[in-house]
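Asker: Take this sequence and fold it.
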Amino acid sequence: MTHILGLTGSIGMGKSTVAQMFRDLGVPVFDADATVHALQGPNGALLPAIEAAFPGTTGPTGIDRPSLRERIFADPQARRRLEAIVHPAVAAERQRFLDVHHEAPLVVLDVPLLFETGGDSRCDSVAVVSAAPEVQRARVLARPGTTESAFAAILATQMPDAEKRARAQHLIHTDTTLAATRAQVAALVACMGLREGG
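Answerer: Here you go, the predicted model:
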């Protein structure tokens, strides 16, 4: 029986790094963000539907993110219309991933807004990637073009870290060395009865 582990964490917590650590141990990882980018990128499967709903927001390189963001930013109805296009497609890709890896003892669903979208209900357990607030802030503000106000706006759309930690079954700290974080991931994989590279 495959154990489905949800992996989540707020911006700047190191979730992508941790997801790669699971891959390095041979654990299949479904990356929700990468799936959305592929569906909306060049020749993406969702481009016709998005163009029909939001004319002028797609082109040869995929969706025009600034243009689409502007259309849905202050319009909850438009945002719901976009989600109605994107979410079922991502769900279908996730199911395809689970079907392919149905014999794996452990699979990871890497979903940034796992709790916010109710995705934790599809998981057997959830691991939250976390770091001290000052570490998180320093990481995010070190990204090109990220301002204090942009950071605050992103945080406002995400469930507070403390709440995520309270709801998760597993906690992975990244405000330490990479080796220490890797050891936490390996211990989690081992406690689920798996072996490295398994």
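
Asker: Please name every helix or strand in contact with the lowest-mean-pLDDT helix or strand in the chain.
Answerer: The least trusted helix or strand in the chain, going by mean pLDDT, DSSP states H and E, turns out to be helix 65-72, with a mean of 86. On a contact count with 3 or more C-beta pairs under 8 Å, 6 or more residues apart in numbering; DSSP states H and E, helix 65-72 meets helix 76-100. Every residue, glycine included, has its C-beta placed from N, CA and C.

Asker: which residues sit against the helix it packs on?
Answerer: By C-beta atoms under 8 Å, 6 or more residues apart in numbering, the residues outside helix 76-100 that reach it are 2, 4, 28, 30, 32, 35-36, 39-40, 45-46, 49-50, 53-54, 68, 71-72, 107, 109.

Asker: roughly how far is that helix from the heart of the chain?
Answerer: On the basis of C-alpha atoms, centre = their mean, to the nearest Å, helix 76-100 is displaced by 13 Å from the centre of the chain it belongs to.

Asker: Over to stretch 128-135?
Answerer: Relative to the chain's own centre, stretch 128-135 is displaced by 16 Å; criterion: C-alpha atoms, centre = their mean.

Asker: Name the residues of that stretch that are buried.
Answerer: Using 16 or more other C-beta atoms under 10 Å as the test for burial, stretch 128-135 gives 128-131, 135.
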